[in-house]
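Q: sequence unknown, structure follows:
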């Protein structure tokens, strides 16, 4: 017994010493924030002050000097994140994570993003390539002076390689993939078009929801007037043998919860004639945050905003004359080209010039702790052959991000813009992930346009996969900058973008097919229409708005369902009626009833649509219906045609079906959350924000130390304050270019990627609670000076 205790004590002491050693090493790796450092390549000294949140304020004589210093300080705070971003794009994760990361590397190597980055660099204008070189040299100066690598690198046993200009372009590619690199929508539409009658596919894939329709026409919100193809749906209906898990996998119902908000208010609606921009970009949250705050001054230019670590461009921000913010277009910038194989030679595919041989390349993937793996990739004139076939045949990826002409750093010139007209010229010519750009200038003007290369299609609309072999279909280039749509100073006095469709059928080019439901844009528009004498706090309050009128339809459905007569027969459902009557119309942490409405909506979608989609799953085992569910769902639930009733052998009518769905939803919620009554379920119990570090799953022992605390959160997927799990506002910014001192900024987490830094999570509380904090950095509490090399060292 004594021996056992001694062993336990020894183990405890050893563990404590080991932890202390790790803590000591990690503490020693915290970056220097004071002093003077030599930075090769500088033409003049650069002063960097750091405020109480660790936000750098760089003061330089030139943009190149500022960017060189930015590379250094960003690497100080976010080096592992930068390395992870470039590795992900290049397909080099298995080198440090081993075999578990191999599947990601295989997908990425197929895209060949490293080769794309090299091609982009060769064609960049000299000023942009110089920018990348200066940034890389700043990063590498820190790498050279760094004595202890980031703690993640210590745990994984490697030291980051020097930063190359192409690495910044790989990070740009990572943003393309994050924002518009999915082929899932075209796969879904292709399978549905092949498997369903045309009228059913059109019904399930409507071009507009009724919120967007009224936004485009300026009318009022009206119920959908869609025609239900009852006979065709009845013929498809297959209820027998469908498990609940199959129904849910067929209709996951989560895609449309992604998105971003941005709006601008012109001088005619504000208190003193200033124009104000509000922007909150919704992304999958992680630790550290995807954004890095920065403030720069060089020459007469003053910039405040956010960059992506690894990219030396302010993505959203303000220069004192113009403020700009972005939302994702949710457009279609990737086509799956159906390949026709030569029956006499399967290594050839059809082109407008006849049969052409596939190009083959071999990639070698290094795997930590295992042998290298070789992978052979086939390529076509349109792009690489996708890993997964579509409807049994091969398809090639034609994607703007794989075209060197579509990628550049042109957005950097936003620093020179002095008006919305200048900014429009910059945005429409910049090569970047296609985005909505909202603009406000110091004279009170506002504007909107698209940024990024958008393909011009011939003979197709890009919604489904088709062959391009006969030359009558394909891309003929990109929409010229001057032909991109734009709006300047509209009569309403404001402009709104919330990932919904921004152009109507009169615009001659295809932008996309899978835009977000227009509810968020509708809600923002209604609030802005009613506002007068607008100030920055008013727009922050709108960013935090949790009203979710979209769920009122499902509340009213339950109200009509649970009549006194029905409740007399089903007294167990009285708590469901009480839950929806208690709902305050919002998705606050303590809101009652919205959890039931959210779960009921999802349950209905799976049960109503799955019987019509079994044929799609037979065509494609991975098929899932992830379109704009509410428009067809609400139409079916409103009309309740007998021919569309799910499982008529089980349910006598829609009333019986809806009662069953509600009973199941109530029982599931009570079981999942250990409740005796569903009306006691507060929204915050179900809706919790999660921000995890990439190593928290790989090394679970350190997960609690690295992750932000999981907590109850307001917001939902169908309100202005989008929040669902890890999907939420990655930043909030409200700024007038002429009044930076009044600007507001929020960001989850903090500036630093180092868990022992005071700036690892010090901005998180303000973001979580919606507390107004300044965009501009505060007083410098640390000061770092970069000096050029002495002339003798440069010679």
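A: All right, it came through fine. Since the structure is predicted, the reported quantities are computational estimates derived from the model, not experimental observations.
Q: can we go C-alpha only for contacts and neighbour counts from here?
A: Noted.
Q: Touching, residue 409 and residue 430? I think so.
A: Yes. Residue 409 lies in contact with residue 430 (C-alpha atoms under 8 Å); the separation is 6.7 Å.
Q: Tell me which of the two has more neighbours.
A: Legend: neighbour count by other C-alpha atoms under 10 Å for residue 409 and residue 430, higher for residue 430 (24 against 21).
Q: Is it correct that that one is in contact with residue 411?
A: Yes. With contact defined as C-alpha under 8 Å, residue 430 reaches residue 411; the gap is 5.4 Å.
Q: Report all helices and strands that the one helix or strand residue 278 maps to contacts.
A: Assigned by DSSP states H and E, residue 278 belongs to strand 276-284. On a contact count with 3 or more C-alpha pairs under 8 Å, 6 or more residues apart in numbering; DSSP states H and E, strand 276-284 meets strand 260-265, strand 322-328, strand 435-441, helix 536-543, strand 727-729, strand 732-735.
Q: go again using 6 Å as the cut-off
A: When contacts are defined as 3 or more C-alpha pairs under 6 Å, 6 or more residues apart in numbering; DSSP states H and E, strand 276-284 packs onto strand 260-265, strand 727-729, strand 732-735.
Q: which stretch in these is the model least sure about?
A: Of all the helices and strands packed on strand 276-284, mean pLDDT reaches its minimum on strand 727-729 (a mean of 94).
Q: Pull the residues that contact that strand.
A: Applying C-alpha atoms under 6 Å, 6 or more residues apart in numbering, the contact partners of strand 727-729 are 280-284, 722.
Q: Could you list the paired strands of that strand along with their orientation?
A: Strand 727-729 has the following strand partners under DSSP bridges: strand 276-284 (antiparallel), strand 723-724 (antiparallel).
Q: what's the least confident stretch among these?
A: strand 723-724 (a mean of 89).
Q: and stretch 379-393, how far apart are its ends?
A: End-to-end span of stretch 379-393 (C-alpha to C-alpha, to the nearest Å): 15 Å.
Q: what is the mean pLDDT for that stretch?
A: Mean pLDDT, computed over stretch 379-393, is 97.
Q: try stretch 353-366
A: 98.
Q: got the buried residues for it?
A: Buried residues in stretch 353-366, defined by neighbour count with 16 or more other C-alpha atoms under 10 Å: 355-358, 365-366.
Q: Please apply the same query to stretch 50-67.
A: For stretch 50-67, using 16+ other C-alpha under 10 Å, the buried residues are 50-51, 53-67.
Q: Can you give me the distance of the nearest residue in space to residue 329 that is not next to it in sequence to residue 338?
A: Nearest residue to residue 329, sequence neighbours excluded (C-alpha to C-alpha, 6 or more residues apart in numbering): residue 435, at 4.9 Å. Distance of residue 435 to residue 338, computed by C-alpha to C-alpha: 27 Å.
Q: and if you look at residue 747?
A: Counting by C-alpha to C-alpha, the separation of residue 747 from residue 338 is 43 Å.
Q: Just say which of the strands paired with strand 727-729 is most tucked in.
A: strand 276-284 (a mean of 26; mean count of other C-alpha atoms under 10 Å).
Q: now that strand and strand 322-328, what's the angle there?
A: Angle between the axes of strand 276-284 and strand 322-328 is 30 degrees (criterion: axes from the mean of the first three to the mean of the last three C-alpha atoms, to 10 degrees).
Q: Let me know the angle separating strand 276-284 from strand 435-441.
A: Counting by the same axes, to 10 degrees, strand 276-284 points 150 degrees away from the direction of strand 435-441.
Q: what's in contact with strand 276-284?
A: The contact list for strand 276-284, computed with C-alpha under 6 Å, 6+ apart, reads 259-265, 325, 726-736.
Q: let's see it at 8 Å
A: Identification of contacts with strand 276-284 by C-alpha atoms under 8 Å, 6 or more residues apart in numbering yields 258-267, 323-327, 438-440, 535-536, 539-540, 543, 722, 726-737.
Q: Buried ones among the residues you listed?
A: If you count burial by 16+ other C-alpha under 10 Å, the buried members of these come out as 258-267, 323-327, 438-440, 535-536, 539-540, 543, 722, 726-737.
Q: about what we covered before: how big is the angle separating the strand holding residue 278 from strand 260-265?
A: For strand 276-284 against strand 260-265, the angle by the same axes, to 10 degrees is 180 degrees.
Q: Okay, now the sheet partners of the helix or strand following strand 276-284, with direction.
A: Later in the chain than strand 276-284, the nearest helix or strand by DSSP H and E is strand 292-298. The partner list of strand 292-298 in its sheet, established with DSSP bridges, is strand 56-60 (parallel), strand 301-307 (antiparallel).
Q: Do you have the helices of the stretch 651-795 of the chain handy? List them.
A: Ranges of helices within the stretch 651-795 of the chain are 654-673, 683-686, 695-698, 703-706, 764-769, 791-794, based on DSSP state H, counting those that start in this stretch.
Q: so what does the longest one touch, helix or strand wise?
A: Of the remaining helices and strands, those touching helix 654-673 by 3+ C-alpha pairs under 8 Å, 6+ apart are helix 552-561, helix 594-619.
Q: In terms of pLDDT, where does residue 445 sit?
A: Predicted confidence (pLDDT) for residue 445: 99.
Q: ugh, wrong one, residue 246
A: 76.
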